[in-house]
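> Kindly generate the corresponding structure for this input.
(chains A and B)
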Amino acid sequence: MTMTVPAQRRAPLPAPERRGRTEVADRVVSKIACVAAAEVPEVRDVQPRGLPWTPSAGEVHGDQAVVRLNVSVAYPSPLHAVAARLRQHVIDRVAAQTGLNVTRLDITMTDVGGDLP
Amino acid sequence: MTTAPQAGPGDAASTGSGDATGAGPGGPASATQARSGAGTETRLLADRVLACDGVARLSGGPFGTVATYLPGERLMGVSADEREVEIAIVATLDRPLPQTADEVRAAVADLAGQRPVHVRIDDIIVEGS
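Down below sits the predicted model:
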């Protein structure tokens, strides 16, 4: 028994600037996240968190990113509110700059103290 | 009935020989061109990429694997073969990185032809630090 299928043509190639993939390195996400976190006014210091031999805050998996940050915060500031604002800001910045979706952002507040800068 | 099969092989033979003669001069010529032009092609690609907005410099990629070995030197950041073109750059933060990548891809589109161009953003330059 024979089956007849309609003639099929190959899907057209995408436009030249869409042909190929764009990769963003972990280091890039890490740097952007650190810069973005430092832009929040209550944050005094930011360190990327990672293993001692790879102090990288970001990991990229496909179009998703995981970021881990250690921050130290000025003393008289509401920590939960600062963390929420920090999270929002960092996620927005990384998404705008790299086009990646931050699915997880861990913030550890390692130090409290000092004046508001 | 008998004329049709005779015409068939005759046509096939003529087209076959036509293809053969067409490919004869074309094949070796393009091969030699590719062989002598391998270095210049990657150099051209590198120049085009460096001229793009938002590209600070070329990078070797992870472990310096994106590179072309030319006689006497090693061109980091660009590697092209017949299947794909790979480019690794260090970008600036002036504008979103996907835009930079798309511009790089558009800049080398005519050199790359049908091959996909993979752009890897290996590092960035932050103004403050």
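> what comes into contact with the helix or strand hosting A:Asn70?
Per DSSP states H and E, A:Asn70 falls inside strand A:64-73. With C-beta atoms under 8 Å, 6 or more residues apart in numbering or on different chains as the test, strand A:64-73 has contacts from A:29-30, A:33-34, A:37, A:42-50, A:57-59, A:79, A:82, A:86, A:90, A:94, A:98, A:100-114. The C-beta positions use only the backbone N, C-alpha and C, and glycine is treated the same way.
> Alpha carbons of it, in PDB - could you do that?
Presented in PDB, the C-alpha positions along strand A:64-73 are these (Å, rounded to 0.1, in the frame of the first residue of the first chain):
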ATOM      1  CA  GLN A  64      17.700  31.100  32.600                       C
ATOM      2  CA  ALA A  65      20.100  32.400  35.200                       C
ATOM      3  CA  VAL A  66      20.700  31.600  38.900                       C
ATOM      4  CA  VAL A  67      22.400  34.400  40.900                       C
ATOM      5  CA  ARG A  68      23.800  34.200  44.500                       C
ATOM      6  CA  LEU A  69      25.000  37.300  46.300                       C
ATOM      7  CA  ASN A  70      26.400  38.300  49.600                       C
ATOM      8  CA  VAL A  71      25.600  41.800  50.600                       C
ATOM      9  CA  SER A  72      26.300  44.000  53.600                       C
ATOM     10  CA  VAL A  73      23.600  46.500  54.400                       C
END
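> Each with direction, which strands does it pair with?
In the sheet, strand A:64-73 lines up against strand A:43-48 (antiparallel), strand A:58-61 (antiparallel), strand A:101-112 (parallel) (DSSP bridges).
> Give me the mean pLDDT for the second one.
What that stands for is strand A:58-61. Average pLDDT, strand A:58-61: 87.
> do the last one as well
Averaging pLDDT along strand A:101-112 yields 90.
> what's the answer for stretch A:75-92, then?
Averaged over stretch A:75-92, pLDDT sits at 91.
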